[in-house]
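>>> pasting the sequence and the predicted coordinates here, then a few questions.
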2 protein chains.
Amino acid sequence: MSRIILASASPRRKELLEQIGLEFEIWPAQGEEIVTKTLPEEIVTELSGRKAEETASGIVSYNEKNAGLVEPQDLLVIGADTVVFCEGQILGKPKDEDDARRMLSLLSGNTHSVYTGVTFVLISRSGRAGEYSFAERTDVSMYPMSKEEIERYLATGEPMDKAGAYGIQGRCAIHIKEIRGDYYNVVGLPIGRMYQELQKLGIDLYQM
Amino acid sequence: MSRIILASASPRRKELLEQIGLEFEIWPAQGEEIVTKTLPEEIVTELSGRKAEETASGIVSYNEKNAGLVEPQDLLVIGADTVVFCEGQILGKPKDEDDARRMLSLLSGNTHSVYTGVTFVLISRSGRAGEYSFAERTDVSMYPMSKEEIERYLATGEPMDKAGAYGIQGRCAIHIKEIRGDYYNVVGLPIGRMYQELQKLGIDLYQM
C-alpha cells in the first residue's frame, strides 16, 4: 500500500480527488510564495514544486521522529498552484474587494489563460525519491459583464479566495462563454493530465 | 413574482440551476423521443421544445382546474435535451452495458461533439405565451482509453443514465483531454448561454 498526499488546503482540489474516487490524505503546505520566474507556466510549476517539497519534507521528518511506530510506505505527494494570466498580468487571489472588482473588470468580455502547475514528489519506502512537474493551460472566454453584474457577483463572496477573483464552478458560470482546454485545470487541478502523466511514470492511481 | 420551472428530472440539470443560485421547481416532462430531424442541433432543439411544451401544458391545465386557488403568475419553463455526436452517429443513453462499451470505444482517443438544446416557454399571467429555442455545441477530446480502463469505468455504473455513456463531472474526468466550448453544456445545460439569451429577451433570472 502507498499513500497519496495532497499538499493543498483547497477544498476544490480535495473535491476533485474525491470525484475521481481516490483515497488520499491532506497535509497542506504553507507554500511561501516567493517567485523567481516570470512566465506563468514557470511560476505555477515552481510554486507547486515548493508546496510538494515542503509537505514531503514534513512527512519524512515526522516518519523519522516516529520510526518504528510508522510503517514504511511509498508516498506520492501532489502539490499544485493556479494563476490567471490576462493582458500580461498575473492574477492571484484578490487582496480585497476593490482588487477583485479590478480583476473582474479586466476579465469581462475578454479571454484569459488559467495555468495550473502540478508537482509529484515520489518517495519509496526504501528512501529513493523522485520529482516530476508539469503545467497545464486552459483559455477561458468570458461574456461582457455589466457593472451591476460585477457588483452582484462580488456580493456572493465567491471571488475572495480564488485566483482571478472568480470560480468557474460557482455562480460565475453564467458569465463564461467558452473554454479551450481542461475544465478542471480552471477549477484548480488538471485531473485528466495528472492521471495520464502518472500512467506514463508507471503509476496507476487506482492500484496503489 | 414569477415561477421558474425545469422540465427535466435530470439531477445534474437541477444541480446546475442550484449552482447559479436560482429558486425553481421541477415538473419533469415524459418527453416522448420522436425525432423528425437529422442534424444533431435540430434534434436536441426539437426534443427540448417537446419537453418544455409538455410541461407548460401540464401546468396550464393544472392552473385552469384549480382556478381561484392558484394565484396567477408569470411562468418560465425550461426544457433541455442533450446528445453526443461522434463519427456521424448520434449517441443517446446506452441501452445496456454492451451498448455503453461500444460508445466508450468509439469516443476513446477521439473528438466528439455534445449538443444541448434548450427551449424556454414563457407564459405571462395574462395568458400570453412565447417560445424561444437554441442549441449549443461543445467539442470534447478524449485520451485513448485501454480496454481495462473502459471496463473499470463501466464498473463504476456511471455510464448507464448518460448520453454517450460518460459523465464529464464524474470519474470519466481522468480521460478527458480538453474541451472547446461551454463545460456545462456537456453536463447537460449551457447555463452561460441560457442566462445570456434570457438577458437578450429582457428577462433577468435574478429579478423574477
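That came in fine, so what should we check first? Numbering: from 1, shown residues only, chains lettered A, B, ... in the order given.

>>> alpha carbons only for contacts and neighbour counts from here, please
Noted.

>>> what parts of chain A come near chain B?
Taking C-alpha under 8 Å from any C-alpha of the partner chain as the criterion, the neighbours of chain B within chain A are A:19-21, A:169-183, A:191-196.

>>> pLDDT score for A:D182?
Note on A:D182: pLDDT of 97.

>>> neighbours of it, how many?
27 (other C-alpha atoms under 10 Å in any protein chain shown).

>>> quick check on it: phi, psi?
The phi/psi pair for A:D182 (degrees, to the nearest 10) reads phi -90, psi 120.

>>> ok, back up a step: buried ones among the residues of chain A next to chain B?
A:19-20, A:169-183, A:191-196 (16 or more other C-alpha atoms under 10 Å in any protein chain shown).

>>> in strands, which of those appear?
Secondary-structure check on these using DSSP state E: residues within strands are A:I176, A:K177, A:E178, A:I179, A:R180, A:G181.

>>> would you list those in TSV and tack on distance to B:M103?
Formatted as TSV, those follow (distance: C-alpha to C-alpha, whole Å):
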residue	distance to B:M103
A:I176	29
A:K177	28
A:E178	26
A:I179	25
A:R180	24
A:G181	23
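
>>> and which of those is nearest to A:V121?
Minimum distance to A:V121 across these is 25.1 Å, recorded for A:G181 (C-alpha to C-alpha).

>>> and that closest one, what does it touch?
A:R137, A:T138, A:D139, B:K177, B:E178, B:I179, B:R180 (C-alpha atoms under 8 Å, 6 or more residues apart in numbering or on different chains).

>>> do the same with A:L6
Shown in contact with A:L6 (C-alpha under 8 Å, 6+ apart): A:K14, A:F24, A:E25, A:I26, A:W27, A:P28, A:V77, A:I78, A:G79.

>>> right, and out of those residues, which lies closest to B:L205?
Distances from B:L205 to the contacts of A:L6, taken by C-alpha to C-alpha, are shortest for A:K14, at 31.2 Å.

>>> what about the closest one, which SS state?
helix (DSSP: H, G, I helix; E, B strand; the rest coil).

>>> that one and A:F24, how far apart?
Distance, A:K14 to A:F24, using C-alpha to C-alpha, to the nearest Å: 9 Å.

>>> what is the mean pLDDT for whichever helix in chain A runs longest?
For chain A, the helix that runs over the most residues, judged by DSSP state H, is helix A:40-65. Mean per-residue pLDDT for helix A:40-65: 94.

>>> partners of the helix or strand that that helix is followed by in the sheet?
Per DSSP states H and E, the first helix or strand lying C-terminal to helix A:40-65 is strand A:74-86. Next to strand A:74-86 in the sheet, as set by DSSP bridges, lie strand A:2-6 (parallel), strand A:89-91 (antiparallel), strand A:111-123 (antiparallel).

>>> pick the most deeply packed of those strands.
Sort the strands paired with strand A:74-86 by mean neighbour count, taking mean count of other C-alpha atoms under 10 Å in any protein chain shown, and strand A:111-123 sits at the top with a mean of 25.

>>> report the distance from it to the chain centre.
Relative to its parent chain, strand A:111-123 has a centroid offset of 6 Å by C-alpha atoms, centre = their mean, to the nearest Å.

>>> show me what counts as buried in whichever helix or strand comes after that strand.
The first helix or strand that comes after strand A:111-123 along the chain, using DSSP H and E, is strand A:129-142. Neighbour counts over strand A:129-142 (16+ other C-alpha under 10 Å) mark A:S133, A:F134, A:A135, A:E136, A:R137, A:T138, A:D139, A:V140, A:S141, A:M142 as buried.
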